[in-house]
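Chemist: Okay, structure incoming, though there's no sequence with it:
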């Protein structure tokens, strides 16, 4: 299961992935999926299936779903998950800055990391589950980010991937 910050980003990556790796099954979250569409998306994750589902971080498949055992053995999170900068969030940031002195952290940084942790939590649902989560964003190497990731995560830098 691969998570992206927006539908636009998801669609661009899915299109490129399908063109480059047509032999690997791939399916994607669509905007405003109804219940049967969401069930169909999740049904493709079976203990014997192969492929990659593409979803939006903070969306329907990033929290509240259970794919235990071998149904989901890994996830890719291709962003720090920061909320979009817009007038509403900027108002919140300014207010948080006035109250707490850390407006950016409370408006963008902490909510973004919360989305990342929620999405990563789809992989390990029971005590017997095993899996891997790839955090694909250089910012995950920053000490202030690492300090806020769950202490039980075993975080390692993956070798550089050639293009």
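Modeler: The structure has been received and is ready for your questions. The structure displayed is predicted, hence computed values, not measured ones.
Chemist: got a list of what residue 147 touches?
Modeler: The contact partners of residue 147, by C-beta atoms under 8 Å, 6 or more residues apart in numbering, come to none. C-beta coordinates here come from the backbone N, C-alpha and C atoms, glycine included.
Chemist: Backbone dihedrals for it, both of them.
Modeler: phi -60, psi -20 (degrees, to the nearest 10).
Chemist: Could you do the one 10 residues further on as well?
Modeler: When read as degrees, to the nearest 10, the backbone of residue 157 gives phi -80, psi 130.
Chemist: What's opposite residue 134 in the beta bridge?
Modeler: Using DSSP bridges, the bridge partners assigned to residue 134 are residue 76.
Chemist: Test my guess that it contacts residue 77.
Modeler: Yes. Between residue 134 and residue 77 there is a contact under C-beta atoms under 8 Å: 7.0 Å.
Chemist: Which of these two has more residues huddled nearby?
Modeler: residue 77 (24 against 14; other C-beta atoms under 10 Å).
Chemist: how close does the residue nearest to that one when sequence neighbours are not counted get to residue 70?
Modeler: Nearest residue to residue 77, sequence neighbours excluded (C-beta to C-beta, 6 or more residues apart in numbering): residue 3, at 4.8 Å. Between residue 3 and residue 70 the computed distance is 20 Å (C-beta to C-beta, to the nearest Å).
Chemist: Who has more neighbours out of these two?
Modeler: Neighbours per residue, other C-beta under 10 Å: of residue 3 and residue 70, the larger number sits with residue 3, 30 against 14.
Chemist: My read is that the more buried one contacts residue 80, right?
Modeler: No. With contact defined as C-beta under 8 Å, residue 3 does not reach residue 80; the gap is 11.3 Å.
Chemist: all strands for the chain, in order.
Modeler: 2-4, 26-28, 52-56, 74-77, 132-135 (DSSP state E).
Chemist: Show me the shaky parts of this protein.
Modeler: Across the chain, residues meeting the criterion (pLDDT under 70) sit at 160-163.
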